[in-house]
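# what follows is a predicted structure for the sequence shown.
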Amino acid sequence: MYISIMETKKLDGRKLDHKTLEAIRIRAVQAVQSGQSPEQVIAALGMTRAIIYRWLAAYNAGGWNALQAKKLFGRPPKLNTSTVRWIYRTVVGKNPLQLNFEFALWTREMIRDLIKRRFGVSLSVVSVGRLLAKLGLTCQRPLFRAYQQNPDAVNQWMEHEFPRIAAMAKTEHASVFFADEAGIRSDYHAGTTWAPRGQTPKVPATGARFGLNMVSAITRKGEMHFMVTDKTVSADIFCEFINCLVHNRRNRIYLIVDGHPVHRSAKVRKHIESYHGRIRLIRFPSYSPETNPDELVWNSVKPKIGRSFIAGPDILKSKAVGALRWLQKSPHIIKAFFNHPELSYIAC
């Protein structure tokens, strides 16, 4: 029985199961018995030179049984199946606060402590991470929801109300804008900063801070309008923003906003009425910022401002206007906001 080098030169023992290795061991010893040299046989298999002599010695000592695959014995697992199942259900289905932890998000250290407390089993942080990976769990940034939110109202908005609004806007050739307000202060910081290795930097707050407010509105087509002010966004400011939005526009506007008191004020309502149907104000469900694509404007703009050198109120305003204008000139980025999974209802 001859072993062909062409057939076996790609064998890698590390990638073979024990049954396959058993067959190779027996076949190799048979090849030597048939007249091939041990060195030729092992070279054909592409394995280390010494292992063929180990197989021959095992055969001489115990016959063919000595070459058979043996049951592997290792350290018994510390956690049984029911324990692992409990860990999975707890991490997925429970909040750490329910189990008397002080932090609301699961960490490997907390899960290690939980396993130790409940089952008396000590695991390393690395072992816990490996266990979570085997369970298909990954470390992710959570989505936060206001406890006041009404999920049924949000579903009603996504599945029925907005599709009806979109259909009406299409019939009337109207533009659908999603609007929101945000503020930023001089002591806002985002991203990373330089500091000595191993020393977490601290950002001191100051009583001399200053800030400004921003209003923006975007459409699925990538259109954007914005306003920056150092005043509070009052009914007067919001009415001014509406004027800018309607200016030189012939088609009707559907402006969708949250339930901020300014949006519900009598002054804003009368101002909307003064346009005689050219603009209609619609409100999102309460406490549901995740349904508003304009929230992503601030996610994009604020880090750019926060990473800038802010030497005074004028510089802050200049940086804010610059960041918003950059986004306004990047309609492809605005369109990409609507690809967010939670905003898929808008594309329907």
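Thanks, I have the structure now.
# next, count neighbours for the residue nearest to A58 when sequence neighbours are not counted.
Distance criterion C-beta to C-beta, 6 or more residues apart in numbering; nearest residue to A58, sequence neighbours excluded, is A66 at 4.2 Å. For the C-beta atoms, the positions are set from N, CA and C on the backbone; glycine is no exception. Neighbour count for A66, taken as other C-beta atoms under 10 Å: 15.
# measure A66 to T90 for me?
As judged by C-beta to C-beta, to the nearest Å, A66 and T90 stand 47 Å apart.
# now E342
Counting by C-beta to C-beta - E342 and T90 are separated by 26 Å.
# those two: which has the busier surroundings?
Between E342 and T90, counted using other C-beta under 10 Å, T90 has the larger neighbour count: 17 against 14.
# ok but the more buried one is inside a helix, no?
Yes. Under DSSP: H, G, I helix; E, B strand; the rest coil, T90 falls within a helix.
# wait, isn't it in contact with R117?
No. With contact defined as C-beta atoms under 8 Å, T90 does not reach R117; the gap is 11.8 Å.
# now K335, nearest residue through space, not along the chain?
K335's closest residue in space is G222 (C-beta to C-beta, 6+ apart), at 4.6 Å.
# just checking: what are the partner strands of the biggest strand by length in the chain?
As assigned by DSSP state E, the longest strand anywhere in the chain is strand 175-185. Paired strands of strand 175-185, with direction, are strand 211-218 (antiparallel), strand 253-257 (parallel) (DSSP bridges).
# let's see the shortest one as CSV, backbone CA atoms only.
This points to strand 253-257. Only the C-alpha atoms of strand 253-257 are listed here, as CSV (Å, rounded to 0.1, in the frame of the first residue of the first chain):
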residue,chain,number,x,y,z
ILE,A,253,-45.1,72.0,3.6
TYR,A,254,-45.9,69.3,6.1
LEU,A,255,-43.7,70.2,9.1
ILE,A,256,-43.4,67.3,11.6
VAL,A,257,-42.2,68.3,15.1
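# can you point out the buried residues in that strand?
By neighbour count with 16 or more other C-beta atoms under 10 Å, strand 253-257 contains the buried residues I253, Y254, L255, I256, V257.
# now for the closest residue to the first one other than its chain neighbours, how many residues are close by?
Distances taken as C-beta to C-beta, 6+ apart place I279 nearest to I253, at 4.3 Å, with adjacent residues excluded. Using other C-beta under 10 Å, I279 has 22 other residues around it.
# domains in the chain, by residue range?
Using automatic domain parsing, the domain ranges for the chain come out as 5-67, 81-134, 151-188+208-347.
# list of residues touching stretch 249-265?
Contacts of stretch 249-265 from elsewhere in the structure, counted by C-beta atoms under 8 Å, 6 or more residues apart in numbering, are 165, 168-169, 172-181, 217, 233-235, 238, 242, 245-246, 268, 277-284, 286, 289, 292.
# please redo it, this time with the cut-off set to 7 Å
165, 169, 172-180, 217, 233-235, 238, 245-246, 268, 277-284, 286, 292 (C-beta atoms under 7 Å, 6 or more residues apart in numbering).
# and the residues you listed, which are buried?
So, by 16+ other C-beta under 10 Å, the buried ones in the contacts of stretch 249-265 are 165, 169, 174-180, 217, 233, 235, 238, 245, 268, 279-281, 284, 292.
# can you point out the buried residues in the one helix or strand L114 maps to?
Following DSSP states H and E, one finds L114 within helix 108-119. For helix 108-119, the neighbour count (16+ other C-beta under 10 Å) marks R108, M110, I111, R112, L114, I115 as buried.
# perfect, that will be all.
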